[in-house]
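Trainee: Fold the stuff below for me.
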Amino acid sequence: MSIMDNKNTQNNDLEKEDKESAAEEKNIVTEKEIKEVSLEEKLKETDEKLLRSLAELENQRRRFEKELKDAFEFGGFNFAKESLALLDNLQRAKLSVKGDEKLKESKDLDTFLNNFEILEKDLISIFEKNNIKKIDCLKEKFDPNIHQAMLEIEDDKAEPGLIIQEIQPGYMFGDRLLRPSFVGVSKKKSEQKSEKNEKKEN
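Mentor: I've put the predicted structure just below:
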């Protein structure tokens, strides 16, 4: 083998080695890139999961705060509703005693009625301290959200739809309706009746 052939072989070998090392370097670069991309993706994924978890925690905290507030404000709603029966019965008992003919002759009637009134005022005071308030409805416009019409009363002097009789008082518990007011609502006299009345007057 000549010196020239030997050199050519050596050059070919060197070129092969250079190509192989270049290919290896390329492979190393691509592996690094893949690792970097996958690390970035993983980091992004983890970041998104963390943000979602934080959002869920914040929503749960808000829900819990609202439930706690509602429980604090309206936890006694059912108890308050049931307690209205005490006041109703007390007021009925007072009217019953006032209307009793035998008790009217008694000297102690006034004292007895005063005791009823003291109990009634105490109970109303306790209600007000606990944010239970009576709905003032007389001479107010009928509102189906807080009033319940039990009867219509013909009255030409009053504006139609005006409450002119309270049958049973209604109550609010904060902003919530505890019980509607049972009321009598005014309406205009019917034309036939008013014509008959006019004829009678003539």
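Trainee: can we go C-alpha only for contacts and neighbour counts from here?
Mentor: OK.
Trainee: Show me how the record splits this structure into domains.
Mentor: Residue ranges for the domains of the chain, per automatic domain parsing: 1-74, 76-130, 133-202.
Trainee: Return the most buried member of the ones you listed.
Mentor: Highest mean neighbour count among those (mean count of other Cα atoms under 10 Å): domain 133-202, with a mean of 16.
Trainee: tell me how far that one is from the chain's mean position?
Mentor: 30 Å (Cα atoms, centre = their mean, to the nearest Å).
Trainee: Rounded mean pLDDT for that domain, please.
Mentor: Mean pLDDT, domain 133-202: 83.
Trainee: helix, strand or coil for residue 139?
Mentor: Per DSSP: H, G, I helix; E, B strand; the rest coil, the secondary structure class of residue 139 is coil.
Trainee: Please, which helix or strand holds the closest residue to it other than its chain neighbours?
Mentor: Spatial nearest neighbour of residue 139, chain neighbours left out: residue 163 (5.2 Å); criterion: Cα to Cα, 6 or more residues apart in numbering. If you go by DSSP states H and E, residue 163 is part of strand 163-168.
Trainee: Which strands border that strand, and is each parallel or antiparallel?
Mentor: strand 181-187 (antiparallel) (DSSP bridges).
Trainee: Can you name the next helix or strand after the host helix or strand of residue 51?
Mentor: Assessed by DSSP H and E, residue 51 sits inside helix 3-74. Using DSSP H and E, the helix or strand that directly follows helix 3-74 along the chain is helix 77-99.
Trainee: Alpha carbons only: can I get that next one in PDB?
Mentor: Written as PDB, here are the backbone C-alpha positions of helix 77-99 (Å, rounded to 0.1, in the frame of the first residue of the first chain):
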ATOM      1  CA  PHE A  77     -85.700  31.500  61.900                       C
ATOM      2  CA  ASN A  78     -87.800  28.400  62.700                       C
ATOM      3  CA  PHE A  79     -87.600  29.100  66.400                       C
ATOM      4  CA  ALA A  80     -88.800  32.700  65.800                       C
ATOM      5  CA  LYS A  81     -91.600  31.500  63.600                       C
ATOM      6  CA  GLU A  82     -92.800  29.100  66.300                       C
ATOM      7  CA  SER A  83     -92.500  31.700  69.000                       C
ATOM      8  CA  LEU A  84     -95.100  33.900  67.200                       C
ATOM      9  CA  ALA A  85     -97.700  31.400  68.400                       C
ATOM     10  CA  LEU A  86     -97.000  32.500  72.000                       C
ATOM     11  CA  LEU A  87     -97.700  36.100  71.200                       C
ATOM     12  CA  ASP A  88    -100.800  35.200  69.200                       C
ATOM     13  CA  ASN A  89    -102.200  33.100  72.100                       C
ATOM     14  CA  LEU A  90    -101.400  35.800  74.600                       C
ATOM     15  CA  GLN A  91    -103.300  38.400  72.500                       C
ATOM     16  CA  ARG A  92    -106.300  36.100  72.000                       C
ATOM     17  CA  ALA A  93    -106.400  35.300  75.800                       C
ATOM     18  CA  LYS A  94    -106.400  39.100  76.500                       C
ATOM     19  CA  LEU A  95    -109.300  39.600  74.100                       C
ATOM     20  CA  SER A  96    -111.200  36.600  75.600                       C
ATOM     21  CA  VAL A  97    -110.800  38.000  79.100                       C
ATOM     22  CA  LYS A  98    -111.900  41.400  78.000                       C
ATOM     23  CA  GLY A  99    -115.000  40.000  76.400                       C
END
